[in-house]
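>>> Prediction below, plus the sequence it came from.
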Amino acid sequence: MRMSGLLLRTLRDDPADADTDSQRLLLRAGYIRRAAAGIYSWLPLGHRVLRRVEQIVREEMDRAGAQEILLPILQPLELWQRSGRDVAYGPLMFRLLDRKETGFCLSPTAEELMATLVASELSSYRDLPVNLYQIQWKFRDELRPRFGLLRAREFLMKDAYSFDADLDGLRASYQRMYNAYCSIFDRCGLTFRAVEAQSGEMGGDVNHEFMAVAAVGEDDFVWCKACDYAANVEAARRDHSWHHTEVPAAAATVDAPPMEEVHTPGLPGIQGVADFLGVEPSTLLKCIVFDADGELGLALVPGDREVNEFALARAVAPRKVRLYTDEDFAAHPELPKGYIGPHYPGAALVVADVSLDAPRAWVTGANRVDHHARNVVLGRDFAVDVWAGLVTIVTGDACPNCGEPLSVDRGIEVGHVFQLGTKFSKVFGANYVDEHGDEHPIVMGCYGVGISRVVAAIVEEHHDDNGIAWPAALAPYDVHLLALPGRGDAAQAVVAAAERCYEELLAGGFQVLYDDRDASPGVKFADADLLGMPVQLVIGAKGLARGVVERKVRATGDRSELPITEVLAGMLAGAAT
RNA sequence: CGGGGAGUGGCGCAGUGGUAGCGCACCAGCUUUGGGAGCUGGCGGUCGGGGGUUCAAAUCCCCCCUCCCCGACCA
C-alpha cells in the first residue's frame, strides 16, 4: 500500500481524553477513531489488525473442530425473557422496539439464540458433539465505558458454544477450547495465564478466565512467571514447604521463656506495637475475629499479612463466615478489640495459617485492653483447630507448583471459557434422544474471545515511547518501506530503487506499507515508529551510494544493512529466523 | 446513580461582558531534505444545544445534552 493514497492521519499530540496507552496510540496512529463513548470506527490500518486477530482465532477454532456461523445482532427480546436474562442483564442490554412495538435487543452474547438454533437443528446423540462459533459485534451499555477498546459498548467478540451428550463430552470440548485459546493468545504475542475463576456458592460451574498481564487491567490476579500457575486473588495459594523445609510440626520444641504480659497502652495496631516493642510486624500474631454460624472464631496470620476471607470461608465450610465489623464489636463490649490473642477463652474455633506451624514465640494480644503478650508459643499457650492457607497472596510468595516467586498483577480478560451445563438447553428445549430412545438436555459450554479487546491488549504489551511495535503475526503490514529521496542528484535514483524494492517485495509475498509521500525524513521516521510495522526498510541517498538498504527491527531497534540487490532474499531470510 | 472536571476549527489549547485567537494539521508559493524544517500567504469555528439578562455574551443566569475522572456497578 502506498501511503500517499492511504486514509491515514497521524496526530502529533496525544488525544486529551485517552486514558490508556493502547487508546492513546491507536488514536494517534490513526488506527481507530471514537464515534461515541465506548464506540469506535476502525480505519484501514486498524481494520487490518482486527482482521488478522480474527483470522488467527478462526484458524484455531477451525482446527479445534468448531464450525463458523453468523447469528443476527438484532435479537427478539422474547428469547431473553424466557431465559430470565432480560432481567439479569437489565440496562446493560441495548433495547429497541420495531414499528409494531415488538421488543428487540442488540445481542450482548448469544446463548439464547444458539440454544434455540440447536434445539431445532439437532435431535439425536448421533448429531453430537457439535461446536458452533461466530465472530460478531456485541453490544453492552456499560455503566462506564473506558480505556478505549478495553471496555467498549460495541466490541467484536468470537463466541463459541459446544453441545455434548453428557458431562464427559463437555469436559472434552472444554479442554479443546482451552487448548485452542492458549494457541490463540500465544500467536497474538500476549503474556497471559488461564485463571480458574472463583466458583460460585456450592461449587458452581467450572470456568477459566484468560488474563493478559497489563497494568491497566481491571482485575488483580496471581501468577507465576516460571510456570503456568495462575489464580485469582481469592483462590490463590502459596507453597509453604518452600519457606519451611524440614521443620517439624511440633512447635513445643521452642525453648522460650514463659508467656508474659506487656503494657502497651493505646496501641491496638500491629505497626504501633511492633514499633513500641522494637520487633518486626512479622513476629506478631494477628488475630482476626469472625462469626461462624453464631460462634466466635479467630483467624490467625502473621502480623504482616492479611486474611483472605474466601480462604477462611473454605477452611471452615460448611459453616458460614462473617468477619466482625465495628458493629459486631460494639455489640460485644467484652471483646478487647485490638488486644485479642489466640488463647482468648471465648473462642470456639481457632483457624491458623499453616505458616504459623513453626517453632517460634509470638507477640500477640493479651486478651486485655492495653496489653500484649510476649513469648506466646503454639501448643503450649494456645491451640489451633484448623490449619489452612489463610493469607492473601502477595508478590514474592512461593508458587505452589514450582516454588518460584509469585507475582500479583493486573490482567485484561481477553477470553473466558465456561462449562454451562443444561441451563439454556432446558429453557429452550435443546434436547437429544440417546441410543435407547430417551430424551436428555444437551450439555452446553460457551467460550468467548474479545477480539477488539485483544487488539488493545496487544498494544498495551507491545509499545514504547515512540509508538506501537506490533508482533509480526498481527501487524497490518509486514514491512514499512521508507523512501528518502531528498532533493539531491540521487533523488530520482532513490525513488526508482524504492519502487523496484516495493514491487519486488510485493511479488515476494510481503504485505508492504510504502511511504512514498512527499514528506521530510523526520516525519517518515516518526510515523514509521508510531505505526509500528515489525520491520522498517529505509532507502536513502546515503545508503544507495553504497548499494545498501537499511533494515530496522521496530521492537528491538536493531539495525542492519541489506545489499539493494538482495532485499527480498534478506527479508525472506529474516522472516525465517 | 453519587462526587469532581470539561465541551472554542481535524488534533492540542488560550481567551472572565465589546463581536474569536495560538500551535499542530490542511492548501499555495519559495527555500529545506537521514529523526516530527523555515518563511510568506491562505482555507477552516452559528465557541455542545435551547432559553434568559444586557446596547453588547465564548464569557453572566437557568434548563438540557455530551464527554472525561474517582466511586458504586459489572462482561
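On my side now, so go ahead. Numbering: from 1, shown residues only, chains lettered A, B, ... in the order given.

>>> Let me see the contact set for A:His440.
For A:His440, the contacting residues are A:165-166, A:431-434, by CB atoms under 8 Å, 6 or more residues apart in numbering. C-beta coordinates here come from the backbone N, C-alpha and C atoms, glycine included.

>>> Map the structural domains onto the sequence of chain A.
Annotated domains of chain A cover A:21-236+A:408-459, A:258-388, A:477-576 [automatic domain parsing].

>>> show me where pLDDT drops low in chain A?
A:198-204, A:240-254, A:575-577 (pLDDT under 70).

>>> longest strand in it, by residue count?
When chain A is parsed with DSSP state E, its longest strand is strand A:406-421.

>>> returning to what we had before: got the domains of chain A as a markdown table, with distance to RNA strand B columns?
As requested, these are exported to a markdown table (distance: least, CB to the nearest atom of the strand, whole Å):
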| stretch | distance to RNA strand B |
| --- | --- |
| domain A:21-236+A:408-459 | 3 |
| domain A:258-388 | 15 |
| domain A:477-576 | 2 |
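
>>> follow-up on the earlier one: quick one: which of the contacts of A:His440 sit in helices?
Of the contacts of A:His440, none are assigned to helices by DSSP state H.

>>> Check these against A:Ala366 and report the nearest one.
Each of the contacts of A:His440 was scored against A:Ala366 by CB to CB, and A:Asp166 proved nearest at 58.8 Å.

>>> picking up where we left off before, other residues contacting the next helix or strand after the longest strand of chain A?
Going down the chain from strand A:406-421, the next helix or strand is helix A:423-428, by DSSP states H and E. The contact list for helix A:423-428 (CB under 8 Å, 6+ apart) reads A:79, A:82-83, A:111-112, A:114-116, A:118-119, A:430-431, A:441-444.

>>> just to confirm, which helix or strand has A:Val289 in it?
Here A:Val289 is assigned to strand A:285-292, by DSSP H and E.

>>> helices and strands around the next helix or strand along the chain from that strand, which ones?
With elements assigned by DSSP H and E, the helix or strand that comes after strand A:285-292 is strand A:295-302. Where contact means 3 or more CB pairs under 8 Å, 6 or more residues apart in numbering; DSSP states H and E, strand A:295-302 is packed against strand A:285-292, strand A:349-353.

>>> Just the buried positions in the longest strand of chain A, please.
By 16 or more other CB atoms under 10 Å, the buried positions in strand A:406-421 come out as A:406-409, A:411-421.

>>> residues touching the residue nearest the centre of chain A, list them.
Central residue of chain A (CA atoms, centre = their mean): A:Met211, 1.9 Å from the mean position. A:Met211 sits next to A:192-195, A:217, A:219, A:221, A:223, A:230, A:411-414 when contact means CB under 8 Å, 6+ apart.

>>> Please identify the helix or strand for it.
Using DSSP H and E, A:Met211 falls in strand A:207-213.

>>> And A:Gly46, by the same measure?
helix A:44-63.

>>> Show residues contacting that helix.
So helix A:44-63 is in contact with A:1, A:6-8, A:26, A:29-32, A:42, A:68, A:133, A:135, A:156, A:158, A:160, A:180-181, A:183-184, A:187-188, A:449, A:451-452, A:454-455, A:458, A:470, A:473-477, A:531, going by CB under 8 Å, 6+ apart.

>>> Show me the residues you listed that map onto helices.
Per DSSP H, those map to helices at A:26, A:180-181, A:183-184, A:187, A:451-452, A:454-455, A:458, A:531.

>>> what's the farthest-apart pair in the residues you listed?
A:Ala180 and A:Leu531, at 30.2 Å, using CB to CB across the ones in helices among the contacts of helix A:44-63.

>>> Look at those two and report which has more neighbours.
Legend: neighbour count by other CB atoms under 10 Å for A:Ala180 and A:Leu531, higher for A:Leu531 (28 against 25).

>>> Correct me if wrong: the more buried one contacts A:Leu26.
No. Counting by CB atoms under 8 Å, A:Leu531 stays clear of A:Leu26, with 10.7 Å between them.

>>> So for those two, which residues contact both of them?
Joint contacts of A:Leu531 and A:Leu26 (CB under 8 Å, 6+ apart) are A:Ile468.

>>> Please spell out which residues along stretch A:183-191 are buried.
Buried-residue list, stretch A:183-191, by 16+ other CB under 10 Å: A:184-185, A:187-191.

>>> Now those residues in TSV, please, with extra columns for distance to A:Leu323.
Below are these laid out as TSV (distance: CB to CB, whole Å):
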residue	distance to A:Leu323
A:Ile184	40
A:Phe185	37
A:Arg187	44
A:Cys188	41
A:Gly189	42
A:Leu190	37
A:Thr191	35
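
>>> Let me know the closest of the residues you listed to A:Pro281.
Using CB to CB, these come closest to A:Pro281 at A:Thr191, 33.0 Å.

>>> how about the nearest residue to the closest one, chain neighbours excluded?
Closest residue to A:Thr191 apart from its sequence neighbours, by CB to CB, 6 or more residues apart in numbering: A:Val213 at 4.7 Å.

>>> bridging residues for A:Leu349?
A:Gly297 (DSSP bridges).

>>> Tell me how many other residues crowd it.
Per other CB under 10 Å, the neighbour tally for A:Leu349 reads 19.

>>> what does A:Ala35 give?
Look at A:Ala35: counted by other CB under 10 Å, it has 10 neighbours.

>>> So for whichever strand or helix holds A:Gln175, what gets flagged as buried?
Element membership for A:Gln175 (DSSP H and E) is helix A:167-187. Buried residues in helix A:167-187, defined by neighbour count with 16+ other CB under 10 Å: A:169-170, A:173-174, A:176-178, A:180-182, A:184-185, A:187.

>>> Pick out whichever of those residues sits closest to A:Ala526.
For the buried residues of helix A:167-187, the nearest to A:Ala526 is A:Arg187 (29.5 Å; CB to CB).

>>> any idea how far A:Cys227 is from that closest one?
21 Å (CB to CB, to the nearest Å).

>>> if we can go back for a sec, from the contact counts, what lies against the strand holding A:Val289?
So strand A:285-292, by 3+ CB pairs under 8 Å, 6+ apart, packs with strand A:295-302, strand A:321-323, helix A:326-331, strand A:361-368.

>>> quick one: buried residues of the helix or strand that comes right after the strand holding A:Met211?
Next in sequence after strand A:207-213, counting helices and strands by DSSP H and E, comes strand A:219-224. Under the neighbour-count criterion of 16+ other CB under 10 Å, strand A:219-224 has A:221-224 buried.

>>> quick revisit: run the angle between the helix holding A:Gln175 and strand A:207-213 for me.
10 degrees (axes from the mean of the first three to the mean of the last three CA atoms, to 10 degrees).

>>> Show me what whatever helix or strand comes next after helix A:167-187 is packed against.
Where DSSP H and E defines the elements, the next helix or strand beyond helix A:167-187 is strand A:192-196. Strand A:192-196 makes packing contacts with helix A:167-187, strand A:207-213, strand A:219-224, strand A:230-232, strand A:406-421 when contacts are defined by 3+ CB pairs under 8 Å, 6+ apart.

>>> Any buried residues in strand A:192-196, and which?
Those buried within strand A:192-196 under the rule 16+ other CB under 10 Å are A:192-195.

>>> Quick one: residues in contact with it.
For strand A:192-196, contacts defined as CB under 8 Å, 6+ apart pick out A:178, A:181-182, A:185, A:206-213, A:221, A:223, A:228-232, A:235, A:411, A:414.

>>> follow-up on the earlier one: show me which pair in the buried residues of strand A:192-196 is furthest apart.
A:Phe192 and A:Val195 (9.4 Å).
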